[in-house]
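# What shape does this take:
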Amino acid sequence: MRVYSIEKEMKADPGEYLFHEPTQQLVMCGQFNTEENYIQALGEGRIFKDEIKNFKKIQLNSQEHHQRSSTRCKGCRGG
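Got it, this is the predicted structure:
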């Protein structure tokens with residue numbers, strides 16, 4: 001897993017997981033507002049706002065991505 005800064009031309013989509021540096025936790029992006037320079041996120045059961053510079057995007061390598069996408073419950077097997 002690699003984390004990298006969110007640049008001005010980038011954007012985070014609602015529902016995307018981000019890394020919040022001050023609390024060292026993974027959070028879910030709720031609202032991304034470049035005009036007012038904040039991201040509203042959900043982490044540890046609460047919603048909070050912080051500056052965009054305190055969040056990092058997460059990029060999984062191909063092996064990590066494959067491990068996450070291949071785990072399904074038996075109900076998803078179909079038929």
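# Neighbours of the closest residue to residue 25 other than its chain neighbours, how many?
Once flanking residues are discounted, residue 25 sits nearest to residue 43: 5.3 Å by Cβ to Cβ, 6 or more residues apart in numbering. For every residue, glycine as well, the C-beta is placed using N, CA and C. Counted with other Cβ atoms under 10 Å, the neighbours of residue 43 add up to 15.
# Quick check: beta-bridge partners of residue 43?
Counting by DSSP bridges, residue 43 forms beta bridges with residue 46.
# So it sits against residue 28, correct?
Yes - counting by Cβ atoms under 8 Å, residue 28 is a contact partner of residue 43 at 7.3 Å.
# for the protein, what spans make up the helices?
62-69 (DSSP state H).
# Might you list the low-confidence residue ranges for it?
Residues of the chain meeting the criterion pLDDT under 70: 61-62, 64-79.
# show me where it has strands.
Ranges of strands in the chain, per DSSP state E, are 2-5, 17-20, 25-33, 38-43, 46-51, 55-59.
# Which one, of those strands, ends up nearest to residue 11?
Among those, the nearest to residue 11 by Cβ to Cβ is strand 25-33 (5.8 Å).
# Send me stretch 14-34 as PDB with only the CA atoms.
Listed next in PDB are the C-alpha coordinates belonging to stretch 14-34 (Å, rounded to 0.1, in the frame of the first residue of the first chain):
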ATOM      1  CA  PRO A  14     -17.400  10.300  -1.700                       C
ATOM      2  CA  GLY A  15     -17.000   6.700  -0.400                       C
ATOM      3  CA  GLU A  16     -13.300   6.600  -1.200                       C
ATOM      4  CA  TYR A  17     -11.000   5.600   1.600                       C
ATOM      5  CA  LEU A  18      -8.300   8.100   2.600                       C
ATOM      6  CA  PHE A  19      -5.500   8.200   5.100                       C
ATOM      7  CA  HIS A  20      -5.800  10.900   7.700                       C
ATOM      8  CA  GLU A  21      -2.300  11.800   8.900                       C
ATOM      9  CA  PRO A  22      -2.900  13.600  12.200                       C
ATOM     10  CA  THR A  23      -4.900  10.600  13.600                       C
ATOM     11  CA  GLN A  24      -3.100   7.900  11.600                       C
ATOM     12  CA  GLN A  25      -6.300   6.200  10.600                       C
ATOM     13  CA  LEU A  26      -8.200   5.200   7.400                       C
ATOM     14  CA  VAL A  27     -11.300   7.300   6.900                       C
ATOM     15  CA  MET A  28     -14.100   7.400   4.400                       C
ATOM     16  CA  CYS A  29     -14.400  10.600   2.300                       C
ATOM     17  CA  GLY A  30     -17.800  12.300   2.500                       C
ATOM     18  CA  GLN A  31     -17.500  15.700   1.000                       C
ATOM     19  CA  PHE A  32     -14.500  17.200  -0.900                       C
ATOM     20  CA  ASN A  33     -14.600  21.000  -1.000                       C
ATOM     21  CA  THR A  34     -11.600  22.700  -2.800                       C
END
